[in-house]
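Chemist: missing the sequence, but the structure's below:
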DNA sequence: TTCTTGATTGACTCGTCAGTCAATAACCGA
DNA sequence: TCGGTTATTGACTGACGAGTCAATCAAGAA
């Protein structure tokens, strides 16, 4: 067991454990001790590396968003046309893995935190902005700029709304119908003038 | 000061106070004592009437949804055609009052609770179902039944998604552009065949 | 008047937990 | 080998808060 360079290993383990515990609780009502125990370390060490519970949660959220970004890039790799790329972004958002209970919990809690925690808000802003420019970039080769921004805003909101409903079991549609609904919206808006 | 029939008065005051405290905290990390103090009673009384903090929160959420239902019915009163009624429902969802910080906090926390609290989930289900049938009912006179359900699902998700973004300051559009976006979607889908 | 019942209080109990700290161990470079 | 640094523990503190409870008060009923 190496005695040096443990920090990244422990941080990663603690983040994993935090996500799991948050998922199990469905809430931020999770003790640092439990997270630490699950990660196989003492509570003291968790504080040593992260300083506070909030930092552990923020690191967890950063991790989840990194994973999501990775997934988007992966889907994007097999997409050639702008339209394919738009579909890929949408597909990434509705990937079954994104609906794992612990991911859902983290996102919902994250929205709550974003109201008051500046860092959570910043993270949320990064997420929405990235999604938006990703969409706009590809939309711009299919319609005019103003249109691209409006469509991207609508898509972002539609994706988030459908995600939450799906996650909470309030969506009457299955995964494919749900994605179809978004694609359909895109089809319409793109076939509707505003040509490049 | 009447000594009898205080219960409804105190319950209402406690619910009001709870909503205010939740808004101030942005979280469920609110003590029963603080709620009680704001309502002008002792913490004991709050427990006497509600039994637990969770019950206070659920009552608060019920209250917020009642207010929302009221608002919808109000908007509906001045709407004559099915299409006007659809617009009215949308307008109610984006009424500035619905974006008061304490209402936003309550909704976001509510989503978190809906994961695990059966009663919260039930309430959420009532909300989405009511919205859905409200939309479907009016859509059915403008398009066929299957279409009505799909459009209503999309509208519900779109409204929720736009609401959350707006509430968290992540919406690039203002209130009118936001509602316009929803109306535009409706226009398109209704002008798109699937006639009654 | 006396009894019953609803209203109300706030002190108290019993947990819980975030964050601190002092101590120990293990490695590394000089 | 020694001093510095990193890793690690878990006991401890200080605070806080949900829910309980016994007691008081007031009003209407009998």
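Modeler: Everything's here; your move. In this text the structure is predicted, and so the values were computed from the model without any measurement.

Chemist: most centrally placed residue in chain A?
Modeler: The centroid of chain A falls nearest to residue A:65 when counting by CA atoms, centre = their mean (4.7 Å).

Chemist: what sits against that residue?
Modeler: A:123, A:126-127 (CB atoms under 8 Å, 6 or more residues apart in numbering or on different chains). From N, CA and C alone the C-beta is placed, and that goes for glycine too.

Chemist: and residue A:168, how many neighbours does it have?
Modeler: If you count neighbours by other CB atoms under 10 Å in any protein chain shown, residue A:168 ends up with 18.

Chemist: thinking it is in contact with residue B:115, fair?
Modeler: Yes. Between residue A:168 and residue B:115 there is a contact under CB atoms under 8 Å: 7.0 Å.

Chemist: list residues touching both of those two?
Modeler: With CB under 8 Å, 6+ apart, residue A:168 and residue B:115 have common neighbours A:104, B:121.

Chemist: for residue A:160, pull up the helix or strand it's in.
Modeler: helix A:145-167 (DSSP states H and E).

Chemist: orientation of that helix relative to helix B:145-167 in degrees?
Modeler: If you take axes from the mean of the first three to the mean of the last three CA atoms, to 10 degrees, helix A:145-167 sits at 100 degrees to helix B:145-167.

Chemist: can you tell me if helix A:145-167 touches chain B.
Modeler: Yes. Helix A:145-167 reaches chain B (CB under 8 Å from any CB of the partner chain) through A:149-150, A:153-154, A:156-162, A:164-165.

Chemist: now stretch A:18-34
Modeler: Yes. Stretch A:18-34 is in contact with chain B by CB under 8 Å from any CB, via A:26-27.

Chemist: who touches that stretch?
Modeler: So stretch A:18-34 is contacted by A:35, A:38, A:43, A:46-47, A:53, A:56-57, A:59-60, A:63-64, A:100-106, A:109, A:113, B:112, B:115-116 (CB under 8 Å, 6+ apart).

Chemist: whichever of the residues you listed end up buried, select them in ChimeraX.
Modeler: Buried members of the contacts of stretch A:18-34, defined by 16 or more other CB atoms under 10 Å in any protein chain shown, are picked up in ChimeraX with:
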select /A:35,38,46,53,56,57,59,60,63,64,102,103,104,105,106,109,113 /B:112,115
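
Chemist: among the contacts of stretch A:18-34, which are in helices?
Modeler: If you go by DSSP state H, the contacts of stretch A:18-34 have A:35, A:38, A:43, A:46-47, A:53, A:56-57, A:59-60, A:63-64, A:101-106, A:109, A:113, B:112 in helices.

Chemist: out of the contacts of stretch A:18-34, who's near DNA strand C?
Modeler: Among the contacts of stretch A:18-34, the ones lying near DNA strand C by CB under 7 Å from any atom of the strand are A:43, A:47, A:53.

Chemist: and which of the residues you listed is nearest to DNA strand D?
Modeler: Minimum distance to DNA strand D across those is 5.6 Å, recorded for residue A:43 (CB to the nearest atom of the strand).

Chemist: JSON lines for the residues of helix A:145-167 next to chain B, including distance to DNA strand D?
Modeler: JSON lines is the format used below for the residues of helix A:145-167 next to chain B (distance: CB to the nearest atom of the strand, whole Å):
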{"residue": "A:149", "distance to DNA strand D": "44"}
{"residue": "A:150", "distance to DNA strand D": "44"}
{"residue": "A:153", "distance to DNA strand D": "39"}
{"residue": "A:154", "distance to DNA strand D": "40"}
{"residue": "A:156", "distance to DNA strand D": "36"}
{"residue": "A:157", "distance to DNA strand D": "34"}
{"residue": "A:158", "distance to DNA strand D": "37"}
{"residue": "A:159", "distance to DNA strand D": "36"}
{"residue": "A:160", "distance to DNA strand D": "31"}
{"residue": "A:161", "distance to DNA strand D": "32"}
{"residue": "A:162", "distance to DNA strand D": "34"}
{"residue": "A:164", "distance to DNA strand D": "27"}
{"residue": "A:165", "distance to DNA strand D": "30"}
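
Chemist: how close does the residue of chain A found nearest DNA strand D sit to residue A:54?
Modeler: With CB to the nearest atom of the strand, the shortest gap between chain A and DNA strand D falls at residue A:44, namely 2.1 Å. Plainly put, residue A:44 is 17 Å away from residue A:54 if you go by CB to CB, to the nearest Å.

Chemist: same deal with residue A:107?
Modeler: In terms of CB to CB, residue A:107 sits 17 Å off from residue A:54.

Chemist: out of those two, which sits in the busier spot?
Modeler: Neighbours per residue (other CB under 10 Å) separate residue A:107 from residue A:54, with residue A:107 holding more: 23 against 14.

Chemist: now that one: how far from residue A:114?
Modeler: Computed with CB to CB, the distance linking residue A:107 and residue A:114 is 10 Å.

Chemist: how is chain A divided into domains?
Modeler: A:1-51, A:58-190 (automatic domain parsing).

Chemist: mean confidence score for the last one?
Modeler: Averaged across domain A:58-190, the pLDDT comes to 97.

Chemist: thanks a lot, see you next time.
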